[in-house]
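> Pasting the sequence and the predicted coordinates here, then a few questions.
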Amino acid sequence: PWIIMAYDMGLDPNVAGAEYTPRVFKSHLRLSMVYPGCKYIVSVRKPSTTIISGYNFLLNKGVPGFADMTVSEYALQGTSINGAGTPDRAGMFTTYKEFWQARDCSSVLVLVYEDLVKDMATQIRLIADFIGVVPSPELIERVTAMSTKDFMSKYESQLDESWVHERAKKLDRSPHPEMWTAAPRVVVNKHKDGLSDEAQKFLEDQWREKFAPDTGFETYEEFSRFFSERNAKKSARIAATYSASSAN
């Protein structure tokens, strides 16, 4: 699904999977740098929990340096929220600002991670409507079940990029095949390390200083609420359409 890895994997994205519609790819590029002419599903998540999740993923992946620092030290570096200093390595705040700028774009759907966790089925219906798919109740139920951590943890080897890593080594096209070393994508148990008060305050201060002035949102909760409420209205219209169809 990483379209930028197609050549390294020996795949032609114009051929492989072309029989399916809609085509789906994933990317870490910011909206302003991603491939044009598509529909884009993006998500926001509370900065503190995003950083904890990202830190543990990189730690499990064996990225150099992470074993020598705590999650709070990682947060206090600021690179995860402010970027690494190059356009293609934008931080969370720049990425979220672009989501805000594209809020009225019909080709962009902004999902709230916390809403996905709370009511997966409703969010899946929202996604289906956005990509032009009319799912049956059975399909919604199946996708919901397959999107849980419990389900995905049973098939971890199909999600941990182990195939990508082995393929990259075999074809020897990727300049850094070690980047694709297998690592768990699903964490069922709660992360053991949380952020210190200092790190938490740093994130809150940075939000107010670097994000709020351009958006008007003083907290992440205010920011995410905007999209939650907008998506709730969309979901209500979708539900009404389903009800009308069932009645007929």
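Okay, I see it.

> Skip the chain neighbours and tell me the closest residue to Arg185.
Leaving aside its chain neighbours, Arg185 sits nearest to Leu159 (4.5 Å; criterion: C-beta to C-beta, 6 or more residues apart in numbering). Yep, even glycine has a C-beta here, placed from its N, CA and C like the rest.

> Assign a three-state SS to the spatially most central residue of the chain, would you?
What sits nearest the mean C-alpha location of the chain, by C-alpha atoms, centre = their mean, is Ser43, with 5.4 Å. Three-state call for Ser43 (DSSP: H, G, I helix; E, B strand; the rest coil): strand.

> Correct me if wrong: it contacts Val117.
No - if you go by C-beta atoms under 8 Å, Ser43 and Val117 don't touch, sitting 11.1 Å apart.

> Next, the buried residues of the top helix by length along the chain.
If you go by DSSP state H, the chain has its longest helix at helix 220-247. The neighbour-count check on helix 220-247 (16 or more other C-beta atoms under 10 Å) flags Tyr220, Phe223, Ser224, Phe226, Phe227, Ser228, Asn231, Ser235, Ile238, Tyr242 as buried.

> show me what contacts the nearest residue to Ser107 once chain neighbours are set aside?
Computed as C-beta to C-beta, 6+ apart, the closest residue to Ser107 that is not its neighbour in sequence is Lys39, at 5.1 Å. Contacts here follow C-beta atoms under 8 Å, 6 or more residues apart in numbering; on that basis Lys39 touches Pro22, Ser107, Val108, Leu109, Phe130, Ile131.

> what's the burial count for the closest residue to the last one other than its chain neighbours?
Spelled out, it's Ile131. Closest residue to Ile131 apart from its sequence neighbours, by C-beta to C-beta, 6+ apart: Pro22 at 5.1 Å. By other C-beta atoms under 10 Å, the residues close to Pro22 number 10.

> Ile41 versus Pro22, what's the distance?
As for Pro22, its distance to Ile41 is 11 Å (criterion: C-beta to C-beta, to the nearest Å).

> Stretch 128-136: which residues count as buried?
For stretch 128-136, the neighbour count (16+ other C-beta under 10 Å) marks Ala128, Asp129, Phe130, Pro135 as buried.
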